[in-house]
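Visitor: Sequence first, predicted model second:
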Amino acid sequence: MADETFPGERVRSYSVTSPLDTDYYGVFDDVAGADLDAWERARAVVREVADDLLAAWETAAYPHEQVLEALGRHDVMSDGVEHEGLTHLSPLAAGLVNMELSRGDGSLGTILAVQGGLALRTLALFGSDAQKDAWLARLDSGEVPGSFALTEPDHGSDSTGLETSATREGDAWVLRGAKKWIGNGASGGITFVWARLVDPSDPDDGRVCCFLVPQETPGYRGEVIEGKVSLRAIHQARIVLDDVRVPLDARLPGAHSFADTSRVLYATRSGVAWSALGHATACYEAALQYAGERTQFGKPLAAFQLVQERLTRMLSQLTAMQLYCRRLADLEATGDLRPTQASLAKYTNTRAARDIARDARDLLGGNGILLENRVMQHLVDIEAIHTYEGTESVQALLIGRDVTGVGAFV
């Protein structure tokens, strides 16, 4: 009975989620060797966990143990971080991994961004040898969830004004403040807390520094933010640091100011541009496959002029996104990438991904809002990446300052 068809229902569902590897200009035709292997490993992660994440997205669950283990086992966690003991991914490989994971599931791409792009990178760049010995391999393998606590309820785009404090009291630092939108912040792992140092005897007094805080530390309270309609298969947390006492060696010795924080954010900004490309690719390919499968007025949608024009417009935007990302990787590989160039890629690609997702949803009609076809999921997940790692407005101001020489933040 389940397979029986009735008049008016020739097709019950559509197959629109298979990867087509769209690459109209052959931007990635030369990907080979270790870069191609990393891309294929990322696709293996998607095949393994995407269906479970889809179910988790619907219920706002977060199967972090399963997903982090898969990312670690397939060795794609390092996000281009160079450090002894980590598999190094070239900028191109790291980008392709971000792209592929987000093509499969937006929450999956964000899990990598949090665990590898933010937490692992912070430890690798600024941690002590002892901190790295204790935690680096465990973050890379996915054994321990890691989080990056910078944003505060009152300080998002103006994160330089953060108010969380770290006060020296004898042989301990006492952390006090609140953080919000912290991925993995209530998942039972470790959190890298950025706080303003209060110690007149320290050269960094008044500056923003970083502290490694196990989440079971007394006074640390992380609560999952409920009611999200984007990235529902990863939990973000509101964190309260209620006089959290950590030993002096919990401070990361390599982090001395907000400029060090920015080093992490600049690196992950490129990843967001690649992630947007993954979302857009999934939406375009869903629309293309649907246009071939869906019949109206006696012929497939693909045979209609308006549909072909819309697919062409989407492909045009997608190809431009690919070119941005490839150039981004080439510049980073030679050490010539400037932070504002990463900002421009993020600014451009998340805007274009929004457009492609809206067109794809529209082309799928009512079927576009069904979770099984993923387009609506990608559309709302894009809204989150459009905002995090620097909003559209902040990126515009960074770029505007660079091209005019005039700061316009205040």
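Guide: Right, received. Where do you want to start? Numbering: from 1, shown residues only.

Visitor: hey, let's count contacts and neighbours off CA atoms from now on
Guide: Fine.

Visitor: Could I get the phi/psi values of L86?
Guide: Phi and psi for L86, reported as degrees, to the nearest 10, are phi -110, psi 140.

Visitor: Just give the nearest non-adjacent residue to it, would you?
Guide: In this structure, L86 finds its nearest non-sequential neighbour in S78, 6.6 Å apart by CA to CA, 6 or more residues apart in numbering.

Visitor: Quick check, the one you found in contact with G116.
Guide: Yes. With contact defined as CA atoms under 8 Å, S78 counts as touching G116 (5.3 Å).

Visitor: domain ranges for this protein?
Guide: Structural domains of the chain, as assigned by automatic domain parsing, span the residue ranges 33-141, 146-256, 259-404.

Visitor: any common contacting residues for S78 and G116?
Guide: D140 (CA atoms under 8 Å, 6 or more residues apart in numbering).

Visitor: Enumerate every residue touching S343.
Guide: Taking CA under 8 Å, 6+ apart as the criterion, S343 is in contact with Y266, R269, S270, Q395, A396, L398, I399.

Visitor: swap in F126?
Guide: L252, P253, G254, A255.

Visitor: Next, name the residue at the spatial heart of the chain.
Guide: Centroid-nearest residue in the chain, with CA atoms, centre = their mean: T110, separated by 3.3 Å.

Visitor: Now do it against W194, distance only.
Guide: Computed with CA to CA, to the nearest Å, the distance linking T110 and W194 is 20 Å.

Visitor: Which parts of the stretch 151-300 of the chain are helices?
Guide: Ranges of helices within the stretch 151-300 of the chain are 258-293, based on DSSP state H, counting those that start in this stretch.

Visitor: Would you map the strands across it?
Guide: Secondary structure of the stretch 151-300 of the chain (DSSP state E, counting those that start in this stretch): strands located at 165-169, 172-183, 190-198, 208-214, 220-224, 236-247, 295-296, 299-300.

Visitor: Send me the second one as PDB with only the CA atoms.
Guide: This means strand 172-183. The C-alpha coordinates for strand 172-183 follow below in PDB (Å, rounded to 0.1, in the frame of the first residue of the first chain):
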ATOM      1  CA  ALA A 172      44.400  32.100  41.000                       C
ATOM      2  CA  TRP A 173      42.500  34.100  38.400                       C
ATOM      3  CA  VAL A 174      38.900  34.900  39.200                       C
ATOM      4  CA  LEU A 175      36.700  35.200  36.100                       C
ATOM      5  CA  ARG A 176      33.400  37.100  36.300                       C
ATOM      6  CA  GLY A 177      31.100  38.000  33.400                       C
ATOM      7  CA  ALA A 178      28.600  36.600  30.900                       C
ATOM      8  CA  LYS A 179      28.900  35.200  27.400                       C
ATOM      9  CA  LYS A 180      26.400  34.400  24.700                       C
ATOM     10  CA  TRP A 181      26.100  32.500  21.500                       C
ATOM     11  CA  ILE A 182      28.900  30.200  22.500                       C
ATOM     12  CA  GLY A 183      29.000  27.000  20.400                       C
END
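
Visitor: Against which helices or strands is that strand packed?
Guide: Applying 3 or more CA pairs under 8 Å, 6 or more residues apart in numbering; DSSP states H and E, one finds that strand 172-183 contacts strand 146-149, strand 165-169, strand 236-247.

Visitor: switch to 6 Å and redo it
Guide: Contact here means 3 or more CA pairs under 6 Å, 6 or more residues apart in numbering; DSSP states H and E; on that basis strand 172-183 packs against strand 165-169, strand 236-247.

Visitor: So for A134, which of these sits nearest?
Guide: strand 236-247 (15.0 Å; CA to CA).

Visitor: Tell me where this structure is predicted with low confidence.
Guide: Applying pLDDT under 70 to the chain flags the ranges 1-3, 410.

Visitor: Which element, helix or strand, includes the closest residue to L337 other than its chain neighbours?
Guide: Excluding the flanking residues, the one nearest L337 by CA to CA, 6+ apart is L331, at 4.8 Å. Here L331 sits within helix 305-333, counting by DSSP states H and E.

Visitor: what comes up buried for that helix?
Guide: For helix 305-333, the neighbour count (16 or more other CA atoms under 10 Å) marks 307, 310-311, 314-315, 317-329, 331-332 as buried.

Visitor: and G292, how many neighbours?
Guide: Residues lying near G292 (other CA atoms under 10 Å) number 14.

Visitor: From Y14, how far out is it?
Guide: G292 is 10 Å from Y14, by CA to CA.

Visitor: Likewise for T350?
Guide: Between T350 and Y14 the distance is 27 Å, computed by CA to CA.

Visitor: do the same with D37
Guide: Using CA to CA, D37 is found at 30 Å from Y14.

Visitor: same question, V406
Guide: With CA to CA as the criterion, V406 and Y14 are 52 Å apart.

Visitor: And those two? Which one has more around it.
Guide: Under the neighbour definition other CA under 10 Å, V406 and Y14 were set side by side, and Y14 has more, 14 against 11.

Visitor: Give me the phi and psi for that one.
Guide: Here Y14 shows phi and psi, under degrees, to the nearest 10, equal to phi -120, psi 150.

Visitor: how about stretch 257-266: buried residues?
Guide: Applying 16+ other CA under 10 Å to stretch 257-266 flags S257, F258, D260, T261, V264, L265, Y266 as buried.
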